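# Got a predicted structure plus its sequence, pasted below:
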Amino acid sequence: MKWRVRFLDIRPLRGSRSFRALWIGSSVSQFGGQIATVAVLAQVWDLTRSPVGTGAIGLATGLPMVLFGLLGGTLADTVDRRTVVRAAAVGQLLAAAGLWAQAVAGNRNVVLLLSLVAIGTSCGALGAPARRTLPVRLLPGDQVAAGLALTNVSFQTAMLAGPAAAGLIIVRWDFSAAYATQAVAMVIALPGVIRLPAMRPEGVEAAGGRRRPRRGGWRIVLRRPTLWGSMATDLSATLLAMPIALFPLVNEVRFGGDPRTLGLFLSAVAVGGITAGLFSGTVTRLSRGGLVQLSAAVVWGLALAGFGLADPLWLALGCLAVAGAADTVSVVTRGALVQLETPDAYRGRVSSVEHVIGVAGPELGNFRGGLVASATSASFSLVLGGLSAVLAVAAVAVTNGPLRAYRTPSADAKPTADAGHRQGSAPVRPDVPRPP
């Protein structure tokens, strides 16, 4: 296929009513979630006036993401995934209502606040693996990457606009208004989840009247080079070159510690991600998904090494924007590859592995960057991390021929006995789930 610059591929929105409703609802709920995230941060600070208190938010969200994400993967391979997603959405709505109620009641107990945050996060993590499997069941194989690109654009937009809206809402009204906005957004998102078609996992065995997933859900990642190679590429990029924790130090040393500059760092990453999303049709139509992910991971590492050396602010922001764009391309291509290469009977558990890597990799990468910077400097940590990521990704590329050679299945690909192997799962007509 010839290389052409294309805008965002909206075929999934035109072709599948179920995906369109789900995407609209998810976009609205993500926006509300970003507003609530800022409100929680501000309220915890208001209650504790301590960085330990705000740091505890990470504990209240990180642990449930990992623990319930793994449990959600098993559930997604055992019962109807629509049921799991519905239950998780209702749980998140109830947690949002609880946050609103405690704010209206004038709660001064930070433990209660963090407990409600943990409940909402647990519900979201429980449904995350099942949600990840939805695009591949609702869309033809050659549109899965485009569907993930649309989802990523809505997330990046929420990341950019949600915090700004939260600030205006909290200043104009109060915390309760921010939590109410989140609850209303989740109510708006519910119809898209409720109207999903039934999606029982394929290949689930019946035993004693009960359904159970096939064994070996975790081992399949190690047995398929395309899967472990794609996840190893992502882990190499985030574990070795995550820059967020170094932003305050870079800003202090190089740009005078202006808070506005610190905000620009985060905005530059988001702007790069949104821009890549808007032009994602350029890469989602390419068949060499593995090669695209590897290339994007290399660009990510080089861009962050450049950020470590950049002196003018415009150059530093430019490097971060390139890194954000590369991250979006990598996330979209990896997500499509993982879903298409995994047999449906294992998609929930494999998605939970991907979820854990996506949560743990960046957090550990930020910790690694901070440790190296404390012993050396922010610039050295960024350059070392970026170049190390490039070398690690190159090692994956050299040793993993199947990932380099991977091709996205065409829309008219024929189903195989082991759906998802090599050429991905067989395509389905929009809005028509595959029979169990």
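Okay, I see it.

# Point out where the stretch 251-400 of the chain drops to low pLDDT.
Along the stretch 251-400 of the chain, segments meeting pLDDT under 70 span 259-260, 262-263, 284.

# My read is that Ile170 contacts Ala42, right?
Yes. Between Ile170 and Ala42 there is a contact under CB atoms under 8 Å: 6.1 Å. For every residue, glycine as well, the C-beta is placed using N, CA and C.

# For the two, indicate the residue with more neighbours.
Using other CB atoms under 10 Å, the more surrounded residue of Ile170 and Ala42 is Ile170, with 19 against 16.

# could you say which helix or strand contains that one?
Assigning secondary structure by DSSP states H and E places Ile170 in helix 144-172.

# contacts for the next helix or strand after that helix?
Next in sequence after helix 144-172, counting helices and strands by DSSP H and E, comes helix 175-194. Contact with helix 175-194 is made by 21-26, 28-29, 31-33, 35-36, 38-39, 42-43, 82, 85-86, 89-90, 92-93, 96-97, 99-100, 103-104, 166, 169-170, as judged by CB atoms under 8 Å, 6 or more residues apart in numbering.

# which regions of the stretch 1-150 of the chain sit below the pLDDT cut-off?
For the stretch 1-150 of the chain, the stretches flagged by pLDDT under 70 are 1-6, 51-52, 55.

# Would you state the strands of it in chain order?
For the stretch 1-150 of the chain, no strands turn up when DSSP state E, counting those that start in this stretch is the criterion.

# With the stretch 201-350 of the chain instead?
For the stretch 201-350 of the chain, applying DSSP E, counting those that start in this stretch gives strands covering 205-207, 210-212.

# Could you identify which of the ones you listed has the lowest mean pLDDT?
Per-stretch mean pLDDT for those is lowest at strand 205-207 (a mean of 49).

# Residue for residue, what is the longest helix the protein has?
Determined from DSSP state H, the single longest helix within the chain is helix 17-48.

# Which neighbouring elements make contact with that helix?
Contacts defined by 3 or more CB pairs under 8 Å, 6 or more residues apart in numbering; DSSP states H and E place helix 17-48 against helix 11-15, helix 51-76, helix 81-104, helix 110-132, helix 134-138, helix 144-172, helix 175-194.

# so what's the residue nearest the centre of the chain up against?
The centroid of the chain falls nearest to Gly358 when counting by CA atoms, centre = their mean (6.8 Å). Counting by CB under 8 Å, 6+ apart, Gly358 touches Asp234.

# From the chain's centroid, how far away is the helix or strand hosting Ser351?
Element membership for Ser351 (DSSP H and E) is helix 347-375. When distances are taken as CA atoms, centre = their mean, to the nearest Å, helix 347-375 is centred 12 Å away from the chain's centroid.

# can you give me the helices for the stretch 201-350 of the chain?
219-223, 225-241, 247-255, 259-278, 281-284, 289-309, 313-341, 347-375 (DSSP state H, counting those that start in this stretch).

# Can you get me the start-to-end distance on stretch 99-119?
10 Å (CA to CA, to the nearest Å).

# Next, the buried residues of it.
Neighbour-count burial for stretch 99-119, counted by 16 or more other CB atoms under 10 Å, picks out 99-100, 102-103, 107, 110, 113-114, 116-119.

# now do stretch 240-254
By 16+ other CB under 10 Å, the buried positions in stretch 240-254 come out as 240-243, 245-247, 249-251, 254.

# Dump that stretch to PDB, keeping only the CA atoms.
Output of stretch 240-254 as PDB, limited to C-alpha atoms (Å, rounded to 0.1, in the frame of the first residue of the first chain):
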ATOM      1  CA  LEU A 240      13.300   3.000  30.300                       C
ATOM      2  CA  ALA A 241      12.100   6.400  29.000                       C
ATOM      3  CA  MET A 242       9.100   7.700  30.900                       C
ATOM      4  CA  PRO A 243       9.700  11.500  31.400                       C
ATOM      5  CA  ILE A 244       6.800  12.800  33.500                       C
ATOM      6  CA  ALA A 245       8.500  12.600  36.900                       C
ATOM      7  CA  LEU A 246      11.400  14.600  35.600                       C
ATOM      8  CA  PHE A 247       9.300  17.500  34.300                       C
ATOM      9  CA  PRO A 248       9.400  19.600  37.500                       C
ATOM     10  CA  LEU A 249      13.200  19.200  37.800                       C
ATOM     11  CA  VAL A 250      13.800  20.100  34.100                       C
ATOM     12  CA  ASN A 251      11.500  23.100  34.500                       C
ATOM     13  CA  GLU A 252      13.400  24.200  37.600                       C
ATOM     14  CA  VAL A 253      16.900  23.800  36.200                       C
ATOM     15  CA  ARG A 254      16.400  24.900  32.700                       C
END
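
# Can you name the residues in contact with that stretch?
Stretch 240-254 has contacts (CB under 8 Å, 6+ apart) with 257-258, 261-262, 265-266, 300-301, 304-305, 307, 311, 316, 320, 323, 361-362, 365-370, 373, 377-379, 381-382, 385-386, 388-389, 392.

# Centre of the chain to that stretch, how far?
Counting by CA atoms, centre = their mean, stretch 240-254 is centred 22 Å from the centre of its parent chain.

# if we compare the helices of the stretch 201-350 of the chain, which one ends up closest to Asp9?
helix 281-284 (3.9 Å; CB to CB).

# Distance of Arg223 relative to Val350?
11 Å (CB to CB, to the nearest Å).

# Show me which of those two is the more surrounded one.
Higher neighbour count among Arg223 and Val350: Val350, with 28 against 9, using other CB under 10 Å.

# and the more buried one, how far is that from Thr275?
In terms of CB to CB, Val350 sits 30 Å off from Thr275.

# Leu113 too?
The gap separating Leu113 from Thr275 is 36 Å, by CB to CB.

# Then Leu150?
Here the criterion is CB to CB. By it, Leu150 lies 15 Å from Thr275.

# More neighbours: the two, which one.
Shown here are Leu150 and Thr275; by other CB under 10 Å, Leu150 has more neighbours (27 against 17).
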